[in-house]
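Below are the sequence and a predicted model for it; my questions follow.
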Amino acid sequence: MGVAVDTSLKRKKATAAADDIGRETRLALYRLQVELRYCEKRAYDLFLQNLVKGTSHLSLGQEAIAAAFGVAMRPDDYTFCTYRGHAHTLARGASMAGVLGELMGRQCGLLGGKGGSMHLTDVEHGAMGSYAIVGAHLPVAAGAAWSAQYRGTEQVSVCFFGDGTANIGAFHEALNFAAVWKLPVIFVCENNFYMEYTPIGAVTAVEHPAADRAGAYGLESIIVDGNDADEVYRAAMKYMTRARKGGGPALIEATTYRHSGHSRADPAKYRPEGELEKWLERDPIKLYRERLLKHGFVEATLKDIEGEAMRKVDEATAIAKASPTPSVDDIGKNVWADGGAAWRN
Amino acid sequence: MAELTYRDAVAAGIAQEMERDERVVFLGEDVAHAGGVFKTTVGLLEKFGPLRVRDCPISEQAIIGAAMGAAMTGLRPIAEIMFSDFLAVCWDMVANEIAKTRYMTNGQIALPLVIRTANGAGSRFGAQHSQSVENWAMAVPGLKVVAPSTPADVKGLLAAAVRDPDPVIFFEQKSLYAMKGEVPDGEHVDELGKAKVLRQGKDCTVVALALMVHRALEAAEILEKEHGISATVVDVRSLVPLDTRTILSEVVKTGRLVTVEENPRLCGWGAEIASIVADECFWDLDGPIVRITTPHVPLPSADQLEDNAIPSVDRVVRMIRETMD
């Protein structure tokens, strides 16, 4: 199946003169990727200390996608993400203490301990929820886009999901629905080549689980290097701008790789020897750092960003650790809009 | 007072709310140009235009997901699922997403939406188009569940559902669509969570919902005239919130509870009411609680099979007489 690669999204010659992205934006992209990386690593450390219970799905290695969209989106745009949603929620500006606190089941958590790792939400920052049933949030993201279209706000709804999602019914229903209604929604498939523990190629009829299906919905096939924040950023800007102007949805497949297993329980022993090492050479943060140096940014600037990110993570960790656990009274709160849980008089 | 059919009351209720509030939008399969397969939404497209009244593909997950996304971002959608049986196709959206999101987000996300659906037996459609599934919805925390029995209640409760800040599953009994009844003129808004005492008796309290309300009323007339048994009939109207106060006080007055349900036997809504009554007014009861239900079978299609599967007037009369003996 032919897949047209959009060369306009590819990296331009790595010189400051050819820099179409802008120095402030580049620093923002680097800062955000580093913060997401450090925070995910901290989340992992907190598991090992048994301070985070339940499960957790880390985005280590996939940060460029969340960061690029986070920088590209307007503050009033909507993000919908999966249970692998720490990075996407943080990328919209959610408090790091709120994220770590939620993972740890503390009062300061974004959801007051009600949701946990798989349901991070911060409506104030446009993070409209993390959904733990594969595919469910694609129609919901389409609905938010419909609302934006109806209200005439030029907001865009961005929906992130994994390669495994491209094989579930809701994906196909949402794509068709969004295409027919020309909704301002960007579907972003983070193809990390594994649906949970199984290689996506072993269970999918086409090579590119999302892009090869785009034609079925009258959409173009778009594949970007998900480990290249610039390339993802360009795609985000291009297709979000088009969507705001009434140009309808886009389906972007961003290829990437998760450095850790599917979830906390998964040591990822199914991966062939050498595969991780190969991808570590293409670590998005390593690549981006090298690029910034080539673009004339100095080592000290990058060190400052890294140091500041670590301080931010440390501070958030301290706040989360100090936060009390939720009150048991909270069990009966917020089922209904009146704040309670009463089902009878 | 104007006389409307149960069917026309649906369109009247939607129109009343769409006129009042431009955040109200309506979507479903065949609802706009065709006016609904049951003709419940005729005229809405012409009145409110294609941006507010929208035909959808046969994609129940997309329809309900879109309603959810719209509701959390400032609209007040009404979504139609053509037959309540099809809720199974999008049950993830209903039971996992819509029902839980306010709670899981600790109140950050509000979902003021209504899912309307044609429920129940009486049309010989067979087991995939005739089920009575209001008990499915009742079993999920976070959903309000309403099932009107008259045209006035269709309009008034639908309006209340649209104005409610929480998700409401609105079950219309499809064999009532042709039924006529008086509907108050002008704006008509009822209240969720209020049962109605339709008939006051002294020997037993019959609690029913939707189509079964009419069978209970007819049975009560026969019991009174032919057997000297005087029955109270309560129309539950709303399973969540549940007006236990009215139910309990009417049971205490007669000392007997009979529930009449279209649900198949196991975990039908009457079981919950029986449990509450047993817990809270056991010492006021003069006899065992009686549940009259559809047997625990998928619903059959042929006239004589369907008629004998769901509770009939005759069965209600017979079972009340037996328990009063």
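Here it is on my side, so go on.

Quick check: nearest residue in space to the residue of the stretch 151-300 of chain B found nearest chain A, chain neighbours excluded?
Of all residues in the stretch 151-300 of chain B, B:Pro165 sits closest to chain A, at 3.5 Å by Cβ to the nearest Cβ. Every C-beta, even on glycine, is put in place using the N, C-alpha and C of the backbone. Closest residue to B:Pro165 apart from its sequence neighbours, by Cβ to Cβ, 6 or more residues apart in numbering or on different chains: A:Ala337 at 3.5 Å.

what about the helices in the chain?
No chain in the question, so chain A it is. A:23-48, A:63-72, A:86-91, A:96-103, A:137-151, A:169-180, A:211-214, A:229-244, A:275-281, A:284-294, A:299-322 (DSSP state H).

Chain B was what I was after
In chain B, the segments counted as helices under DSSP H are B:6-20, B:44-48, B:60-71, B:91, B:99-104, B:134-138, B:151-163, B:211-227, B:244-254, B:269-281, B:303-309, B:313-324.

which residues does the residue nearest to A:Ser130 when sequence neighbours are not counted contact?
Leaving out its chain neighbours, the residue that sits closest to A:Ser130 by Cβ to Cβ, 6+ apart is A:Gly85, at 3.3 Å. Listed by Cβ atoms under 8 Å, 6 or more residues apart in numbering or on different chains, the contact set of A:Gly85 reads A:His57, A:Met118, A:Leu120, A:Ser130, A:Phe160.

Columns mean neighbour count, mean pLDDT and distance to A:Leu48 on top of the helices of chain B, output as CSV?
Output for these, formatted as CSV (neighbours: other Cβ atoms under 10 Å in any protein chain shown; pLDDT from 0 to 100; distance: least, Cβ to Cβ, whole Å):
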stretch, mean neighbour count, mean pLDDT, distance to A:Leu48
helix B:6-20, 23, 98, 54
helix B:44-48, 17, 98, 57
helix B:60-71, 30, 98, 37
helix B:91, 18, 98, 38
helix B:99-104, 22, 98, 26
helix B:134-138, 24, 98, 42
helix B:151-163, 25, 98, 49
helix B:211-227, 20, 98, 58
helix B:244-254, 19, 98, 49
helix B:269-281, 18, 98, 45
helix B:303-309, 14, 97, 58
helix B:313-324, 17, 97, 63
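
could those be laid out in JSON lines, adding distance to B:Phe26?
Converted to JSON lines, these look like this (distance: least, Cβ to Cβ, whole Å):
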{"stretch": "helix B:6-20", "distance to B:Phe26": "6"}
{"stretch": "helix B:44-48", "distance to B:Phe26": "6"}
{"stretch": "helix B:60-71", "distance to B:Phe26": "10"}
{"stretch": "helix B:91", "distance to B:Phe26": "22"}
{"stretch": "helix B:99-104", "distance to B:Phe26": "21"}
{"stretch": "helix B:134-138", "distance to B:Phe26": "20"}
{"stretch": "helix B:151-163", "distance to B:Phe26": "10"}
{"stretch": "helix B:211-227", "distance to B:Phe26": "25"}
{"stretch": "helix B:244-254", "distance to B:Phe26": "32"}
{"stretch": "helix B:269-281", "distance to B:Phe26": "27"}
{"stretch": "helix B:303-309", "distance to B:Phe26": "31"}
{"stretch": "helix B:313-324", "distance to B:Phe26": "36"}
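
for the ones you listed, which one sits closest to A:Glu207?
Taking Cβ to Cβ, helix B:60-71 is the member of these nearest to A:Glu207, at 26.1 Å.

other SSEs contacting the closest one?
helix A:137-151, helix A:169-180, strand B:24-28, strand B:76-83 (3 or more Cβ pairs under 8 Å, 6 or more residues apart in numbering or on different chains; DSSP states H and E).

what's the angle from it to strand B:24-28?
Using axes from the mean of the first three to the mean of the last three Cα atoms, to 10 degrees, the inter-axis angle of helix B:60-71 relative to strand B:24-28 is 170 degrees.

How about the residues of the stretch 1-150 of chain A by chain B?
Selection of the stretch 1-150 of chain A residues close to chain B by Cβ under 8 Å from any Cβ of the partner chain yields A:78, A:110-112, A:114-115, A:119, A:121-123, A:128-129, A:131, A:133, A:136-148, A:150.
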